[in-house]
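Student: Any chance you can model this:
(2 chains)
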There are 2 protein chains.
Amino acid sequence: MESRKIGVLGAGQLGRMFVEAASRLNIEVHLLDVGPSAPAKQISSNPHHIDGKFSDADKISALARQVDVLTIEIEHVDAQQLQRVLDQGLVKHVHPLPSTIRLIQDKYAQKVHLTQHGLPVAEYMAVGPDERDPSLPASSAKEQAAGIQATGQEYGYPIMVKSRTQAYDGRGNFVVRDPSQAGQAVEALGGGSRGLYAEKWAPFEREVAVMVVRSSSGEVRAYPAVETVHKDSICHSVYAPLRHADASVEAKAREIAERAVATFGGAGVFGVELFLMKDGQLYINEIAPRPHNSGHYTIEATETSQYENHVRAILGLPLGGTRLKVGSAAMVNIIGLADSDEDPEAVTKTLAPVVRSLSIPGATTHLYGKAGCRRGRKMGHITVVGNSDAQVRQRLQPILDALDVATDTAKSPAHKLPKELTLAGVVDQPSVSEEAAAAAAAAAAAASKATKSAADFAHPQPLVGIIMGSDSDLGVMLPAAQILKRFNVPFELTIVSAHRTPDRMRDYARSAPSRGLRAIIAGAGGAAHLPGMVAAQTALPVIGVPVKGSTLDGVDSLHSIVQMPRGVPVASVAINNSTNAALLAVRILAAADSTYLKAMDDYMREMENEVLAKVDRLGHEGWDYQVKK
Amino acid sequence: MESRKIGVLGAGQLGRMFVEAASRLNIEVHLLDVGPSAPAKQISSNPHHIDGKFSDADKISALARQVDVLTIEIEHVDAQQLQRVLDQGLVKHVHPLPSTIRLIQDKYAQKVHLTQHGLPVAEYMAVGPDERDPSLPASSAKEQAAGIQATGQEYGYPIMVKSRTQAYDGRGNFVVRDPSQAGQAVEALGGGSRGLYAEKWAPFEREVAVMVVRSSSGEVRAYPAVETVHKDSICHSVYAPLRHADASVEAKAREIAERAVATFGGAGVFGVELFLMKDGQLYINEIAPRPHNSGHYTIEATETSQYENHVRAILGLPLGGTRLKVGSAAMVNIIGLADSDEDPEAVTKTLAPVVRSLSIPGATTHLYGKAGCRRGRKMGHITVVGNSDAQVRQRLQPILDALDVATDTAKSPAHKLPKELTLAGVVDQPSVSEEAAAAAAAAAAAASKATKSAADFAHPQPLVGIIMGSDSDLGVMLPAAQILKRFNVPFELTIVSAHRTPDRMRDYARSAPSRGLRAIIAGAGGAAHLPGMVAAQTALPVIGVPVKGSTLDGVDSLHSIVQMPRGVPVASVAINNSTNAALLAVRILAAADSTYLKAMDDYMREMENEVLAKVDRLGHEGWDYQVKK
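Tutor: Numbers count the residues shown, from 1 in each chain, chains lettered A, B, ... in the order given. Just a heads-up that it's a prediction; the model follows:
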């Protein structure tokens, strides 16, 4: 669309997904990386790609001369050379700015920058005298070890010692558990020649990431905050959006990420990784000045992908929407489980989860076209989307199971995968419908437990909450649970009393949307304040079930529940009729999900047939068949 | 992922989007088309592409030798040669089967085939004696003209005369309005040398299309039925899913399409185009044995795109999900408005809607990288997704407006586009938020009409319906409309009486989901049967507003609405409180749409602040401030 050309340093998987986005907009991309078939080069027949290391200063100059904008797919680049080609006028723009890249390359300088801008980071400390006073000569290994011990004294052990530069995927970190390990840490991290710093141990509850796109005019737009799960210090999986009992956490993460990215010069996408502490505090861990693994899911799940937004931002085009277009999404990385040259089955084992994903609705696979399979190498990823967290987790589970089997199998080169996890096992097999798969899973689950477990009434990703003031209401509310179970609606059931646990009620109501709930069924008798008081503290639909008491036949409960003041509605159903409350909850889900709509249609047809069967019986056996028995 | 290689005849835009899908799965594609930079070749650096016409038999053989599976991106190929390379064992599979391609190439044979399989097609008739009896020599132009006149006599005029072969985008069709035009039609369609046939005039109400993927084992899976809009016989835009007052139409279209595709041999994606008549009847118009313009929207809007499903089908892999993953989607084609060599602004004018789309959330542009802009050439397309039809139409409107302006401007080469529709106009401009855009649109709309029009209460794509038994209830129900308007919820308001218009009530309830409604608010007094009777005939949530009558203070209505039997719930709100009914409808939408959730949160905070202001006033002016006045 644009006559402007983009040059990219690096042509790995991030470059590949960037090129895909640029091609859709018909924008020419010139790539600098080694060899003719780097992942990104495979999907662009542009004859102007440059063969060479992206650290090669001359090649960078050559690339700069060919294009209008330079960008990067990795931050470990020669930022000085990027500044030079800009100063020499070889290229009009470099995004992000070389100064931003340099700042971010040095994780200590990055932390100082963030602190200076009032952004929350875990406590950190310089360990070499040269960091406190840059006019001093580079600190020696001995000085660094002493600095680590001084930090340990200050913070207590363990402390996390990190390389200032060249750190990624866990490389460049060392956990020092007592003063005697200080020298070991310096040695492991190449200290003496490389700067180090130390961080106070941050016992985070979860890791969070936020992608932010920054336009050349300084506008910043965050994508939803997501939860990231790391294994062996490498990103394993990502879940969007972030769920938390404190509704403010997701918004706070986005706000912090936007503020952080606003402090940097230049345009483009940034990945902000944060630690979420038990008390809801958020600390920035580090920032990547480029599209990021935690944002892969945006290709299938948001209005505009992180890659297209990077294209738009660095060309000065308007930014695209960053909202989720699906209810929920997850991403799992496909990481090499073995080396091709050691285990001839390395590729087959590594791709087992991909094979499994082909039969999962809503799963999309991206393979990066890497030259060989190596243990720990990122080979691809799978994104799973769905209407709800529960659906996405259910769809994801078989993929994670296949990954587990493959990981176990990869431990010994001799082991073979089960047939259904190899391509031969799926070719030409009709795929199973989601309903059939869910039914099979349910049957298997039922068979595996002899007795009802608590999990039956507490799905980990519930869409509907059933609450009541006391366990004396359980008998009346049980049919609601049975209906939700019948319709395969993930739900939780618990006791929340308006009058005896007002704080718990407040927390329950306030946290419901950010925990992923879509409707609340509240049963109450007598004064029956629970439904209305919950409705006053959540924006979700609340369904009230008037429970019949011993004196006023439930009319007291009914009037107390239904006669809500203008402004705060409760959806009331008939006295004691929790069946209808659950059916209403299913209809609420059906409003935006055709699967539930069809299930409700089927249910209604079934009811009709039951009555018609009684019509038949009456016709055949006579009007007095009940007396005749 | 697979070691199997795919060869494609043709490398235009369909091939390009196919290659994109194959690359994600790391599957090698070899393309046969003229030149090194055909659209699909641009996004694949595979060195094995073949330069040549895809009609060249030798090149087809060469391609066949290189790959494991051959497929097509256009049906006007040499099907005989495809059969030959298969028979000669040069390639293992050709998908779809050459016999299927040949059958579909001949639109008359296609119709005969469909009729033989009991599929509905508009009435048609051979016009040459050779079609009725293939042993006869090819019919002459004179015989064909006589045949057309005989058909006209049988069907009445106008009749549609069509070429049997080489017809697409309206080429190969001729409308004969009276017997004197028969000769003209034969001449225009190259008759004599080419076979012709005639169709009875089908005054269709709308055009519908269904993409169907067929696995090599014969499994068929339809995508949602969509509405297609043609201009000048070229696909202009597509709307998914198809909305219709008759809920069975969408399912029927899918079922017909699946049955039709099941009759063909070979695997792959097929596009089935249908006519939807006023009475809800559906006739197959024609079938394309390949990904299709009407399925472009699947890239952003469904679980697996038509292109990836074509890859999976022809490789014998499990088929991907075909369901919508968003609430609603639309696609508009970007078609060349002028020739580059006649009008230097041809590209700028043609891309004006694309420029506009960059500021629209949920809009994704695909440009095909065609060598030059020519009038009528397909240059790209834009897909718009959103939570609802109303949101998608609102997002699409500025793009269609830009297309209109550009089309007018293109009529004279001298005319220039307004600046905001050229790239220079958007570069470095911060994009406008959706809320601001909606507010500006609403303000403009309000300014342009002096008086309230009917459209205020009848949005063309409503999400909520407000109904009542009589206009005497209007006063009570009006606040519901005002609340929905305040929350920007598209709604309709009308009169439906359970007792006086039972048929209308039934139709209203049954058609609500397939018309796109997500909740119904029903007000009723006295016997108050309307909410419950509507709930009995739809799977959507129904909210009942008890209207206070003259005798029993509304308690009669309340009990009649709330005391529904087990199985059919109505969400009851307080007597006369239609405000709460509308707020409940907004909460139901909020359950699955974070925009409404946030709006409801804001509303609740505003209510809180209003009360707190009164607290303040009481504090400042004293407890008797109301009496003091």
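Student: so how far is residue B:135 from the residue in the stretch 351-500 of chain A that chain B sits nearest to?
Tutor: Closest to chain B within the stretch 351-500 of chain A is residue A:361: 3.2 Å, counting by C-beta to the nearest C-beta. From N, CA and C alone the C-beta is placed, and that goes for glycine too. Per C-beta to C-beta, to the nearest Å, residue A:361 is found 51 Å from residue B:135.
Student: Of the two, which one has the most company?
Tutor: residue A:361 (23 against 5; other C-beta atoms under 10 Å in any protein chain shown).
Student: For that one, grab phi and psi.
Tutor: Main-chain torsions, residue A:361, degrees, to the nearest 10: phi -60, psi 140.
Student: Could you pull up the residues touching it?
Tutor: Contacts of residue A:361 were listed using C-beta atoms under 8 Å, 6 or more residues apart in numbering or on different chains, and they are A:395, A:434, B:303-304, B:320-321, B:323.
Student: where exactly do the strands run in the stretch 351-500 of chain A?
Tutor: A:363-367, A:378-386, A:464-468, A:491-495 (DSSP state E, counting those that start in this stretch).
Student: Tell me which of those sits nearest to residue A:586.
Tutor: Closest to residue A:586 of these is strand A:464-468 (C-beta to C-beta; 8.4 Å).
Student: quick one on the thing from earlier: if you skip the residues just before and after it, what's nearest to the residue of the stretch 351-500 of chain A closest to chain B?
Tutor: In space, and not counting its chain neighbours, residue A:361 is closest to residue B:321: 3.2 Å by C-beta to C-beta, 6 or more residues apart in numbering or on different chains.
Student: The one you found: which element?
Tutor: Of the helices and strands defined by DSSP states H and E, none includes residue B:321.
Student: dump the residue contacts of it.
Tutor: Contacts of residue B:321 by C-beta under 8 Å, 6+ apart are A:361-362, A:434, B:302-304.
Student: so where's chain A uncertain?
Tutor: Applying pLDDT under 70 to chain A picks out residues A:1-3, A:168-170, A:427-457, A:629.
Student: so what are the domain limits for it?
Tutor: Domain ranges of chain A: A:6-95, A:123-200, A:205-423, A:462-592, per the TED database.
Student: Output the strands of the stretch 351-500 of chain A as a markdown table; include the columns distance to chain B.
Tutor: Listed next are the strands of the stretch 351-500 of chain A as a markdown table, based on distance: least, C-beta to the nearest C-beta, whole Å:
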| stretch | distance to chain B |
| --- | --- |
| strand A:363-367 | 4 |
| strand A:378-386 | 6 |
| strand A:464-468 | 10 |
| strand A:491-495 | 14 |
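Student: could these go into JSON lines alongside mean neighbour count?
Tutor: Below are these laid out as JSON lines (neighbours: other C-beta atoms under 10 Å in any protein chain shown):
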{"stretch": "strand A:363-367", "mean neighbour count": "24"}
{"stretch": "strand A:378-386", "mean neighbour count": "25"}
{"stretch": "strand A:464-468", "mean neighbour count": "27"}
{"stretch": "strand A:491-495", "mean neighbour count": "19"}
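Student: want to try JSON lines for those, with distance to residue A:256 as columns?
Tutor: Below are the strands of the stretch 351-500 of chain A laid out as JSON lines (distance: least, C-beta to C-beta, whole Å):
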{"stretch": "strand A:363-367", "distance to residue A:256": "29"}
{"stretch": "strand A:378-386", "distance to residue A:256": "25"}
{"stretch": "strand A:464-468", "distance to residue A:256": "29"}
{"stretch": "strand A:491-495", "distance to residue A:256": "30"}
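Student: Next, the closest residue to chain B within the stretch 51-200 of chain A: phi, psi?
Tutor: At 11.3 Å from chain B, residue A:93 is the closest residue in the stretch 51-200 of chain A, using C-beta to the nearest C-beta. Backbone torsions of residue A:93, given as degrees, to the nearest 10, read phi -140, psi 150.
Student: Could you do residue A:545 as well?
Tutor: Backbone torsions for residue A:545, taken as degrees, to the nearest 10, come to phi -110, psi 110.
Student: tally of neighbours for it?
Tutor: Residue A:545: 35 neighbours (other C-beta under 10 Å).
Student: Repeat that for residue A:500.
Tutor: By the criterion of other C-beta under 10 Å, residue A:500 has 11 neighbours.
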